[in-house]
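*Asks:* Here is my input; please provide its structure:
(chains A and B)
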2 protein chains.
Amino acid sequence: MSRLCIHTITTKALSLEACLRVYPRYQVSGITLWESSLAGCQPSRIAGQIQDAGLQVVSLCRGGFFPAVTAGDRQEAINNNLRQIELAYTIGAPMLVLVCGAVPGQRLDDSRCQITDGIAAILPQAQQAGVKLAIEPLHPMYADHRSAINTMRQAHQICDALGSPASLGIAVDVYHVWWDPNLQAEIELAGKLHRLFAFHLCDWLTPTTDLLNDRGLMGEGCIDLSQINVWMEAAGFTGFREVEIFSNRWWSQDPATFLTAIRESYRSLYPSD
Amino acid sequence: MSRLCIHTITTKALSLEACLRVYPRYQVSGITLWESSLAGCQPSRIAGQIQDAGLQVVSLCRGGFFPAVTAGDRQEAINNNLRQIELAYTIGAPMLVLVCGAVPGQRLDDSRCQITDGIAAILPQAQQAGVKLAIEPLHPMYADHRSAINTMRQAHQICDALGSPASLGIAVDVYHVWWDPNLQAEIELAGKLHRLFAFHLCDWLTPTTDLLNDRGLMGEGCIDLSQINVWMEAAGFTGFREVEIFSNRWWSQDPATFLTAIRESYRSLYPSD
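*Replies:* Below is the predicted model:
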């Protein structure tokens, strides 16, 4: 078993069935499921299908998006997250990744409170279902409409505010946090507090031509992945290294070409895995 | 005299001569000069021309870009900054804005040290010339190649490291810092320590289609400008409010249309100015 996991959004063109068939050929051991790739699938059968493929479900992406202008819409967001927890449980995913949300023009402080409230509201059901919740801080360039949680510090603060429950932690995505001058200390703290739930890999391209879909394959960009990896390992992280690449450029290639490149890139980062 | 200043890059199509002629018609009192707009001008005559136009020079944009792989290139960057200080002095600009720089693939920590060293190296000449240096933290989406200084906290740390000289401070550009959960506290501290040197205005568009040249006019986007302004005033800031908008969209319009829109937007933000 390698520690290589791929997010299904990375191979966007492939159906879930195709992912299950081809991932193992590239030494992939884990799979993180994007909601979109579950369309048309029967949730109750997915756990078995993944097991049959010899893969391990790492997480379901994604819950969150808690902030909203009206109380009704915030409740709807909570209801949606409860359904996601249910779905994670059904497909055998031990974790739900939270992209916390933001509303353009709403004060960030308000959104941040609503996020904490939203997570508090869904936590009991997550605990009951045995589904961990991973807060994923998003890059500050998404603070307008995707997440008002933009640093690991803020994610820690939410965990603290909710009493540091064991089922609440942090997803460290290098794309979002690589620039943070406190990154090493935050990772170290997350390790100590058992909050290192996930580790997402890709790279930052120079220039980046699109804010959403121009991520690089590891090694193509400027993120010091080896250094961040050292910090993660030193903090005690032993989980999957999850490749999550939104890239119009790679999506336009043959998935087999991309998977080969991912495997090679992963191997050069982790030769002994 | 209003507190409205415009950066010449905002009206990119206009020559400096044209800026000096038309800015005053739009209740603009201050001008920040981008290097590019000085091409073909005689530096020794600029101070007089600006004074004749009834404008005040707020700053020269921009020095910085200290990090480099080789010692020779770092010295060249320092030399270039010394020339910029000289230029600022010559044109009567009391301040040089520093975009600190970064090298894709070089460790951020290394770049950050080189930035502190670079500023230390040019500080004596800046003091001698009476030219203030304003460190402008840049949005984390520029951490790859434009600036490894991405928060006000980091700018404060550089000021601290260099002994808090009176001529070293911070340029607060809303575009770069609006997302920062510590923004209010950092502005307050900067006020207390007399480091609030500049205040740059624009807005963040949703969606943002280009990382460099898709800024919004104040009011077009999601930044809570009124709130940030309250923080700046409470911290004792009494300087110019400088409009700096990189926008392919606005640049494709008639400059008169853009200047009218800037004046209207500024008036609605600051009705009593």
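*Asks:* Give me the below-cutoff pLDDT ranges for chain A.
*Replies:* By pLDDT under 70, chain A contains no weakly predicted segment.
*Asks:* Now do the helices in the stretch 101-250 of chain A.
*Replies:* A:108-129, A:152-161, A:174-177, A:183-192, A:225-234, A:248-251 (DSSP state H, counting those that start in this stretch).
*Asks:* Within range of chain B, give me the residues from chain A.
*Replies:* Chain A comes close to chain B at residues A:104-105, A:107-108, A:112, A:139-141, A:143-145, A:150-151, A:153-154, A:178-181, A:204, A:206-209, A:211, A:221-222, A:224, A:227, as judged by Cβ under 8 Å from any Cβ of the partner chain. C-beta here means a position set from N, CA and C on the backbone, and glycine is covered the same way.
*Asks:* Let me know which of the helices of the stretch 101-250 of chain A is the nearest to A:L168.
*Replies:* Closest to A:L168 of the helices of the stretch 101-250 of chain A is helix A:152-161 (Cβ to Cβ; 5.4 Å).
*Asks:* Mind listing residues that contact that closest one?
*Replies:* Identification of contacts with helix A:152-161 by Cβ atoms under 8 Å, 6 or more residues apart in numbering or on different chains yields A:112, A:115-116, A:119, A:135-137, A:149, A:165, A:168-170, A:172, A:177, A:180, A:182-183, A:186-187, A:189-190, A:193, A:195, B:181.
*Asks:* got the buried residues for that helix?
*Replies:* Of the residues in helix A:152-161, those with enough neighbours to count as buried (16 or more other Cβ atoms under 10 Å in any protein chain shown) are A:152-156, A:158-159.
*Asks:* From A:D52, how far out is A:I46?
*Replies:* For A:I46, the distance to A:D52 (Cβ to Cβ, to the nearest Å) stands at 11 Å.
*Asks:* So between the two, which is more surrounded?
*Replies:* Taking other Cβ atoms under 10 Å in any protein chain shown, A:I46 and A:D52 do not tie; A:I46 has more neighbours (20 against 9).
*Asks:* Please settle this for me: is the more buried one part of a helix?
*Replies:* Yes. Counting by DSSP: H, G, I helix; E, B strand; the rest coil, A:I46 is part of a helix.
*Asks:* Could you identify the helix or strand that succeeds the lengthiest strand in chain A?
*Replies:* If you go by DSSP state E, chain A has its longest strand at strand A:56-64. Using DSSP states H and E, the helix or strand that directly follows strand A:56-64 along the chain is helix A:71-91.
*Asks:* neighbouring strands for the next helix or strand after that next one, and are they parallel or not?
*Replies:* Beyond helix A:71-91 on the C-terminal side, the first helix or strand identified by DSSP H and E is strand A:95-99. Pairing partners of strand A:95-99, with direction, according to DSSP bridges: strand A:56-64 (parallel), strand A:132-135 (parallel).
*Asks:* what does strand A:95-99 contact?
*Replies:* Applying Cβ under 8 Å, 6+ apart, the set of residues contacting strand A:95-99 from outside is A:32, A:58-65, A:81, A:84-85, A:88, A:119, A:126, A:131-136, A:138, A:146-147, A:171, A:197-198.
*Asks:* Restricting to C-alpha, output that strand in CSV.
*Replies:* Below are the C-alpha coordinates for strand A:95-99, written out as CSV (Å, rounded to 0.1, in the frame of the first residue of the first chain):
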residue,chain,number,x,y,z
MET,A,95,-14.0,12.1,6.7
LEU,A,96,-15.8,15.0,5.2
VAL,A,97,-13.7,17.9,4.0
LEU,A,98,-15.2,21.4,4.7
VAL,A,99,-14.8,24.3,2.3
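*Asks:* between that strand and helix A:71-91, how big is the angle?
*Replies:* Strand A:95-99 and helix A:71-91 are oriented at 150 degrees to each other (axes from the mean of the first three to the mean of the last three Cα atoms, to 10 degrees).
*Asks:* any idea how far strand A:95-99 is from the chain center?
*Replies:* With Cα atoms, centre = their mean, to the nearest Å as the basis, strand A:95-99 stands 6 Å off its chain's centre.
*Asks:* Give me the angle between that strand and helix A:108-129.
*Replies:* Going by the same axes, to 10 degrees, strand A:95-99 is angled at 170 degrees with respect to helix A:108-129.
*Asks:* Give me the distance between the two termini of stretch A:164-181.
*Replies:* 24 Å (Cα to Cα, to the nearest Å).
*Asks:* Neighbours of whatever residue of the stretch 1-150 of chain A ends up closest to chain B, how many?
*Replies:* In the stretch 1-150 of chain A, the residue that lies nearest chain B is A:A143 (3.7 Å; Cβ to the nearest Cβ). Counted with other Cβ under 10 Å, residues neighbouring A:A143 total 24.
*Asks:* Ok, A:L16 next?
*Replies:* Using other Cβ under 10 Å, A:L16 has 21 neighbouring residues.
*Asks:* Now do the contacts for the spatially closest residue to A:A102 that is not a sequence neighbour.
*Replies:* Sequence neighbours aside, A:A148 is the residue nearest to A:A102 in space, at 4.3 Å (criterion: Cβ to Cβ, 6 or more residues apart in numbering or on different chains). For A:A148, the contact set (Cβ under 8 Å, 6+ apart) comprises A:67, A:100-102, A:108, A:111-112, A:115.
*Asks:* ditto for A:L189
*Replies:* A:156, A:195.
*Asks:* thinking again about what came up before, export the helices of the stretch 101-250 of chain A to a markdown table and tack on distance to A:L269?
*Replies:* Converted to a markdown table, these look like this (distance: least, Cβ to Cβ, whole Å):
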| stretch | distance to A:L269 |
| --- | --- |
| helix A:108-129 | 32 |
| helix A:152-161 | 21 |
| helix A:174-177 | 11 |
| helix A:183-192 | 17 |
| helix A:225-234 | 6 |
| helix A:248-251 | 17 |
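*Asks:* right, so these: which one is the most enclosed?
*Replies:* Highest mean neighbour count among the helices of the stretch 101-250 of chain A (mean count of other Cβ atoms under 10 Å in any protein chain shown): helix A:174-177, with a mean of 24.
*Asks:* Give me the residues contacting that one.
*Replies:* Helix A:174-177 is contacted from outside by A:136-139, A:142, A:150-152, A:183, A:186, A:200-204, A:215, A:223, A:225, A:228, using Cβ under 8 Å, 6+ apart.
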